[in-house]
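Trainee: build me a model:
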Amino acid sequence: MFDIKDRLIEALTIKGWTGSDLSKHSGISKGQISRYLHGQIIPKQSKIAAMANALGVSPAWLLGYDVDMKGEQLAPEIELDKLTEGNKNRILAYYQALLDSQEEGHGNT
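Mentor: Have a look, this model is predicted:
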């Protein structure tokens with residue numbers, strides 16, 4: 001399990017930012033950011049939201065939950081081998097229809 005400091009460091013590294021950059025983009029003082037990064041204090045919910053927004057990550061991810069970094073819903077594992085051939089073909093046909101619709105500009109959801 002990750003601590004928030006680990007997730008902050010990971011997000012900063014990916015973004016190529018320093019704690020000062022995060023401070024500038026989130027409106028949180030450099031001192032507070034430093035204490036978060038060193039695990040000295042745990043940020044309040046409003047500060048987590050501000051940092052997540054600045055970093056472009058999910059607040060739940062930042063808190064250490066096992067979710068996608070960007071907050072997108074993770075697809076469940078699909079065990080296609082458990083489906084009949086007919087159902088596999090239905091899924092593939094539906095998938096193709098979605099792709100076709102999207103290419104035609106009708107798949108904007």
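Trainee: domains of this structure?
Mentor: What the record gives for the chain is the domain set 4-62, 76-109, from automatic domain parsing.
Trainee: looking at those domains, which is closest to residue 70?
Mentor: The closest of the domains of the chain to residue 70 is domain 4-62. By Cβ to Cβ, the value is 6.2 Å. In short, each C-beta sits where N, CA and C put it, glycine included.
Trainee: can I have the longest helix seen in the chain written out in PDB, keeping just the CAs?
Mentor: Secondary structure of the chain per DSSP state H: the longest helix is helix 85-103. Extracted in PDB, the C-alpha atoms of helix 85-103 (Å, rounded to 0.1, in the frame of the first residue of the first chain):
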ATOM      1  CA  GLU A  85     -18.600 -18.900 -29.700                       C
ATOM      2  CA  GLY A  86     -22.000 -17.300 -30.400                       C
ATOM      3  CA  ASN A  87     -21.600 -14.800 -27.500                       C
ATOM      4  CA  LYS A  88     -18.000 -14.100 -28.500                       C
ATOM      5  CA  ASN A  89     -19.200 -13.200 -32.000                       C
ATOM      6  CA  ARG A  90     -21.900 -11.000 -30.500                       C
ATOM      7  CA  ILE A  91     -19.400  -9.100 -28.500                       C
ATOM      8  CA  LEU A  92     -17.100  -8.600 -31.400                       C
ATOM      9  CA  ALA A  93     -20.000  -7.500 -33.600                       C
ATOM     10  CA  TYR A  94     -21.100  -4.900 -31.000                       C
ATOM     11  CA  TYR A  95     -17.500  -3.700 -30.600                       C
ATOM     12  CA  GLN A  96     -17.200  -3.300 -34.300                       C
ATOM     13  CA  ALA A  97     -20.500  -1.400 -34.500                       C
ATOM     14  CA  LEU A  98     -19.300   1.000 -31.800                       C
ATOM     15  CA  LEU A  99     -16.100   1.600 -33.700                       C
ATOM     16  CA  ASP A 100     -18.000   2.200 -36.900                       C
ATOM     17  CA  SER A 101     -20.400   4.600 -35.100                       C
ATOM     18  CA  GLN A 102     -17.500   6.500 -33.600                       C
ATOM     19  CA  GLU A 103     -15.800   6.900 -36.900                       C
END
